[in-house]
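> test case, fold it:
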Amino acid sequence: DFGDPVFKPYVIREINGVPCAIIGQAFPYTPIANPRYMVADWAFGIQDENMQAMVNEARGKGAQVVVVISHNGMDVDLKMASRVSGIDAIMGGHTHDGMPVATIVSNKGGKTLVTNAGSNGKFLGVLDFEVKDKKVSDFRYKLLPVFSNMLPADKEMDALINKIRAPYEARLAEKLAVTDGLLYRRGNFNGTGDQLLVDALMDVQGADMAFSPGFRWGTTLLPGQAITREWLLDMTATTYSFATVTEMTGETIKTVLEDVADNLFNPDPYYQQGGDMVRVGGLTYSCNPVGKAGQRIGDMRLKGQLIEAGKKYKVAGWAPVAEEARHQGNKQVWEVVETWLKAQGGRIKPRQLNTPKIMGALPNKGYAV
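Below is the predicted model:
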């Protein structure tokens, strides 16, 4: 029926004799940040009232501890913790923040702990509660590093993974090139791994400029390491990774950059979507993260010349959320980039990072220059 939950919103499990409720919170902007046609009939959002109702219902069924497992992102979790009472802890993800200590947030019902444990299996967030008189009286939290090469693999899971990978192992391990520079993804505005993607998209498709999504997942390659097909897929494998080339006016390009900037830098966490800035190749610009909506992007230039609002430019990109892209015969982005890698003579020079000039927000210890 309309409005019914797609999945069971919570479970109550007894842990060391204490009934604990675990509530799930999906990424609220799923149909905006991803193709809507994949979840056409589903509704998402930051539903504080519904969350409060679920907390109250779980407490009414005897839960003495309530934990929310969240895909909101750290800033959104902090705001939710201030607005919803009765949650003992929110253990979150999405923004990949490795939080060494839990943040204690006050609300009208008491206090809520908020934590994030990084990404890519690098940490475990370990939270222990002391429960007295049917409520939490104390806690201990550790951000536990995971040294995977020092831990024995689970035999059954390892066997299953090897069985699934076996038909594809040779293609995944194929060396496409060797990198002479560090290739990484995470940066506020760009990363050398993303720079490689936009450089390849522009070169192969003859575009003036290129955009790459501000994804936060992906692993790092050190200078001298092989760029394998598996690494390329690690950087690009979504279910909608079509490569595109679009004609855009200068005005549209600015609108796109402004919209993404507002998703990131809006002062209200509930209007933030939690990624990094769209990565840009070919185009240079300035950005004022603390500026007003629609006024954060400026000095847009292509090869030193100011972008003209009414002029059309050829813009390459990938991972479009519009449904039409899957029906237009577009190649997958990894096919385009693989073609470029194989044409570089075996070695990939260090990427020259294209990042905007930051205005109005420096010095800021949270921004890496």
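
> just to check, D234 is in contact with T219?
Yes - applying Cβ atoms under 8 Å as the test, D234 and T219 come out as touching, 5.6 Å apart. Quick note: C-beta positions are derived from backbone N, CA and C, even for glycine.

> between those two, which has more neighbouring residues?
D234 (18 against 13; other Cβ atoms under 10 Å).

> mind checking the SS state of that one?
The three-state label given to D234 by DSSP: H, G, I helix; E, B strand; the rest coil is helix.

> wait, what's in contact with it?
Neighbouring residues of D234 by Cβ atoms under 8 Å, 6 or more residues apart in numbering: G218, T219.

> ok, W334 next?
R229, L232, L233, T236, A237, S241.

> distance of it from A319?
11 Å (Cβ to Cβ, to the nearest Å).

> F242 now?
From F242 over to A319 (counting by Cβ to Cβ), the distance is 7 Å.

> give me the common contacts of these two.
V333.

> run the chain-centre distance for stretch 289-309.
24 Å (Cα atoms, centre = their mean, to the nearest Å).

> didn't M54 look like it was pressed against Q25?
No - the criterion here is Cβ under 8 Å, and M54 misses it with Q25 at 9.6 Å.

> so what's T239 closest to, chain neighbours aside?
M38 (7.2 Å; Cβ to Cβ, 6 or more residues apart in numbering).

> surely the one you found forms part of a helix?
Yes - assigned with three-state DSSP, M38 falls within a helix.

> how near is it to Y240?
On the measure of Cβ to Cβ, M38 and Y240 end up 8 Å apart.

> and what of R171?
As defined by Cβ to Cβ, R171 lies at a distance of 22 Å from Y240.

> over to G181?
Distance check for G181 against Y240: by Cβ to Cβ, it reads 29 Å.

> returning to what we had before: shared neighbours, W334 and A319?
Shared contacts of W334 and A319, defined by Cβ under 8 Å, 6+ apart, comprise S241.

> so where's this structure uncertain?
1, 327, 362, 365-369 (pLDDT under 70).

> next, the residue nearest the centre of it: secondary structure please.
With distances taken as Cα atoms, centre = their mean, the residue of the chain nearest its centroid is R216 (4.2 Å). R216 falls in the coil class when you classify it by three-state DSSP.

> for it, give me its contacts.
So R216 contacts T95, H96, S119, R185, R186, G275, D276 (Cβ under 8 Å, 6+ apart).

> which ones among those residues lie within helices?
Using DSSP state H, no member of those sits in helices.

> looking at the residues you listed, which is nearest A159?
Set against A159, the nearest of these by Cβ to Cβ is S119 (26.2 Å).

> tally of neighbours for the closest residue to the closest one other than its chain neighbours?
Setting aside the residues directly before and after it, S119 is nearest to H96 in space (Cβ to Cβ, 6+ apart), at 3.8 Å. Counted with other Cβ under 10 Å, residues neighbouring H96 total 19.

> what's next to the lengthiest helix in the chain, contact-wise?
For the chain, the helix with the greatest residue count under DSSP H is helix 250-265. The contact list for helix 250-265 (Cβ under 8 Å, 6+ apart) reads 209, 211, 214, 248, 271-273, 275-278, 280, 283, 285, 287, 289-290, 293-297, 300, 307-311, 313, 315.

> next one: the very next helix or strand once past it to chain centre, how far?
Heading C-terminal from helix 250-265, the first helix or strand you meet, by DSSP states H and E, is strand 279-281. Centroid separation for strand 279-281 versus its chain: 17 Å, with Cα atoms, centre = their mean.

> which strands or helices does strand 279-281 pack on?
Applying 3 or more Cβ pairs under 8 Å, 6 or more residues apart in numbering; DSSP states H and E, one finds that strand 279-281 makes contact with helix 192-205, strand 209-212.

> got a markdown table for these, with distance to I32 too?
Below are these laid out as a markdown table (distance: least, Cβ to Cβ, whole Å):
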| stretch | distance to I32 |
| --- | --- |
| helix 192-205 | 21 |
| strand 209-212 | 17 |
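
> bridging residues for A210?
With DSSP bridges as the criterion, A210 is bridged to G281, A316.

> wait, it sits on D203?
No - in this structure, A210 is not within contact of D203 by Cβ under 8 Å, at 9.3 Å.

> among these two, which residue is more densely surrounded?
A210 (29 against 18).

> residue contacts, that one?
A210 neighbours (Cβ under 8 Å, 6+ apart): L197, V198, D199, L201, M202, V280, G281, G282, V315, A316, G317.

> check contacts around the last one.
Residues near G317 by Cβ under 8 Å, 6+ apart: L201, A210, F211, S212, A243, T244, V245, T246.

> just the buried residues from these, in ChimeraX please.
Buried members of those, defined by 16 or more other Cβ atoms under 10 Å, are picked up in ChimeraX with:
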select :201,210,211,212,243,244,245
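
> export the contacts of G317 as a markdown table, with columns for distance to V101.
Shown next, in a markdown table, are the contacts of G317 (distance: Cβ to Cβ, whole Å):
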| residue | distance to V101 |
| --- | --- |
| L201 | 41 |
| A210 | 39 |
| F211 | 36 |
| S212 | 33 |
| A243 | 42 |
| T244 | 43 |
| V245 | 46 |
| T246 | 45 |
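
> on that earlier part again, relative to V337, how far out is the residue nearest to S119?
Taking Cβ to Cβ as the measure, H96 falls 23 Å from V337.

> all helices for the protein, in order.
30-33, 48-60, 74-83, 155-165, 169-173, 192-205, 229-236, 250-265, 333-342.

> highest mean neighbour count out of those helices?
Mean neighbour count (mean count of other Cβ atoms under 10 Å) peaks for helix 192-205 among the helices of the chain, with a mean of 24.
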